[in-house]
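Asker: this is a predicted model, with the sequence first.
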Amino acid sequence: MDVKPVIAGVDGSKDSGRALKWAADYAQQAGAPLQALITWEVSTLYGDTFSGEWDSTAVEQKHREVAEKLVSDTLGGGAQVDVRVEKGNASEVLVRESKDAQLIVVGSRGFGGFRGMLLGSVSHHLVTHARCPVTVMQHEKG
């Protein structure tokens, strides 16, 4: 029987680092594999604001580097973590992945959050739509 993974949604923020650390501790205690999942999407651009093509390979590689640095900085170099990069809206990707996870862990706010908000848009969406339990790590005040 395959053990469902614990997924930590990461974006390079301090909150996602705290979520990753908590998820790693939980996964170890549960005997579950750990995945660090980072997402990316191309914003819709209109008119002449963009010309040319997106190099999706380069974008994915940059996001992988951010996630791998967060894993290394947070858990050390020997951590057993499957780093995944998925194209798409973070909320939608995490909800989709929740059907095959035993737990998803995210920070309360990533880089897009407004100061003073208890939950960011991704964590709020995930809490209300995920198909598995969700843990949201509260941001540190300061």
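Answerer: The structure has been received and is ready for your questions.
Asker: centre of the chain versus the longest helix seen in the chain, how much separation?
Answerer: The helix that spans the most residues within the chain, counting by DSSP state H, is helix 56-75. In this view, helix 56-75 has its centroid 11 Å away from the chain centroid, taken as Cα atoms, centre = their mean, to the nearest Å.
Asker: pull out the buried residues from it.
Answerer: Buried residues in helix 56-75, counted by 16 or more other Cβ atoms under 10 Å: 63-64, 66-68, 70-71, 74-75. Backbone N, C-alpha and C define where each C-beta goes, glycine included.
Asker: I figured A27 hits L34, correct?
Answerer: Yes - using Cβ atoms under 8 Å, A27 is in contact with L34, at 4.1 Å.
Asker: and the strand or helix carrying V136, what's its mean pLDDT?
Answerer: Per DSSP states H and E, V136 falls inside strand 134-137. Average pLDDT, strand 134-137: 94.
Asker: what lines up beside it in the sheet?
Answerer: Its sheet considered, strand 134-137 pairs with strand 103-107 (parallel) by DSSP bridges.
Asker: give me the low-pLDDT residue ranges for the chain?
Answerer: 1, 43-54, 109-120, 139-142 (pLDDT under 70).
Asker: coming back round to it: dump the strand holding V136 to CSV, keeping only the CA atoms.
Answerer: Taking Å, rounded to 0.1, in the frame of the first residue of the first chain, the C-alpha atoms of strand 134-137 are listed here in CSV:
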residue,chain,number,x,y,z
VAL,A,134,-4.9,21.3,5.5
THR,A,135,-2.5,22.9,8.0
VAL,A,136,-1.9,26.7,7.7
MET,A,137,1.1,28.0,9.5
